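In: I would like to see how this sequence folds:
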Amino acid sequence: MPVLKEVTCAALSMLPSFLSFFFQLLPQSFTCTPLSYSNDVPSITIGVDIHGVDVNLPLLGAGTWQYNDTLAYESVCKAFQAGYTFVDTAYGYKNQKGVGRAIRECWKGTRDELFVMTKIPGGLTAAEAQAAAEENLRDLQLEYVDHLMTHFPADWEITPSRSSREARQEEWWALENEYYSGKARSIGISHYCPQHIDDVLEVATVLPSVNQVEYHVGSGDADHVMNKCKEAGITFMSFSPLCGPCEYTSNDSLIDGELVTEISKKHNVSGAQVSLRFIVQQALANKASRDDNRSFMGSVIPKTNNIDHIRSNRDIFSFTLDPEDMERLHSAQQPAAELGDCEVP
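Out: Residues are numbered from 1 along each chain as shown. Below you'll find the model as predicted:
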């Protein structure tokens, strides 16, 4: 028996090396299909579609900002392989053909098990907004998206004629047309500050369900918009949860900086997992305090093309940060968010 035990242990110790060698022999296009897409990622309800069906947003999705079609395809396919059911893209990312190809070739679930979020540029006329939304659907090769938002309260150049109350209201009406036509199950906004939200609410017949704003450890409520969203019943959703575009010192990194690393060691997780859990734990706490599956705080959409990081990012629902951890993360002032959205007239 001792000999058998030693042989068994030796064989098991060699298994990781064997599997690593085995997967190197497979073609790069090889993927493992998950058995089921009913996974352990919680979701929140952000509204109802035109048919009166709840729109449920998973609290974790795959981000694709700054990826071209090829990288978007690769990363989304890997995310699907890891069990993700939510992907975020945009007209302005110029990668929706790659995302659409990933959905077509790598998604193995049903369409209603997948959540697709996309955006059209800000500052568009009604006709331009409709054309952009139609182009989104063509590139994605979908009949509808689960969420469509306007990307900015103006065009990126902040042209006077495209950065006004009237321009925002005209574009919002165009989004409502997409909703009423069934081509978008929910609609929302991004980078919007309180005054921009008021412009929309003044004319809206459909409440914006999401406002996607930069939010992460260190940012705080940079645009002073969180309370406005809460009061209006709009889900506040983070983009750049790991502060990808930020300028910061190595000590302030949300992946391996001092604060998140110290907390991560306590829970035997990574610094990135701590940073992502900080946000979704707020969403889960708010959801638990209600009886309608809604939450003031929304999802995280980290971006990576590394399968190990994709899997690690998904594993943020298996541990809970202590109140002391949350307080320290809330109190962090670095890395700071990029300001400027509220200066848009």
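In: what sits against the residue lying closest to D256 once chain neighbours are set aside?
Out: Nearest residue to D256 in three dimensions, chain neighbours excluded: G271, at 5.1 Å (CB to CB, 6 or more residues apart in numbering). In this view, the C-beta of every residue, glycine as well, is placed from N, C-alpha and C. Contacts for G271 (CB atoms under 8 Å, 6 or more residues apart in numbering) come out as 253-257, 260-261, 263-264.
In: now E247
Out: E247 neighbours (CB under 8 Å, 6+ apart): P335.
In: that one: what secondary structure?
Out: coil (DSSP: H, G, I helix; E, B strand; the rest coil).
In: where does it land on pLDDT?
Out: Looking at E247, its pLDDT reads 78.
In: what about it, distance to Q334?
Out: From E247 over to Q334 the distance is 10 Å, taken as CB to CB, to the nearest Å.
In: ok, of the contacts of G271, which one's closest to F296?
Out: Checking these against F296 with CB to CB, the nearest one is L254 at 22.0 Å.
In: hang on, isn't the closest one packed against S275?
Out: Yes. Applying CB atoms under 8 Å, one finds L254 in contact with S275, separated by 4.1 Å.
In: shouldn't H196 be within a helix?
Out: Yes. Counting by three-state DSSP, H196 is found in a helix.
In: what count of nearby residues applies to it?
Out: Residues near H196, counting by other CB atoms under 10 Å, number 27.
In: hmm, it is touching R168, no?
Out: Yes. In this structure, H196 is within contact of R168 by CB under 8 Å, at 6.2 Å.
In: anything in contact with each of those two?
Out: Joint contacts of H196 and R168 (CB under 8 Å, 6+ apart) are P153.
In: report the contact partners of R294.
Out: By CB under 8 Å, 6+ apart, the contact list for R294 reads 44-46, 235, 287.
In: repeat for H309
Out: H309 neighbours (CB under 8 Å, 6+ apart): 272, 302.
In: go again using 10 Å as the cut-off
Out: 75, 78, 82, 242, 255, 270, 272, 302-303 (CB atoms under 10 Å, 6 or more residues apart in numbering).
In: now C243
Out: Here C243 is in contact with 214-219, 252-255, 257, 275, 334-338 (CB under 10 Å, 6+ apart).
In: switch the cut-off to 6 Å
Out: 216, 254, 335 (CB atoms under 6 Å, 6 or more residues apart in numbering).
In: buried sites along stretch 235-249?
Out: The neighbour-count check on stretch 235-249 (16 or more other CB atoms under 10 Å) flags 235-244, 246 as buried.
In: quick check: end-to-end length of that stretch?
Out: 31 Å (CA to CA, to the nearest Å).
In: gap between the most centrally placed residue in the chain and L57?
Out: With distances taken as CA atoms, centre = their mean, the residue of the chain nearest its centroid is I301 (2.7 Å). In this structure, I301 and L57 are 11 Å apart, going by CB to CB.
In: now swap in S253 and tell me
Out: 28 Å.
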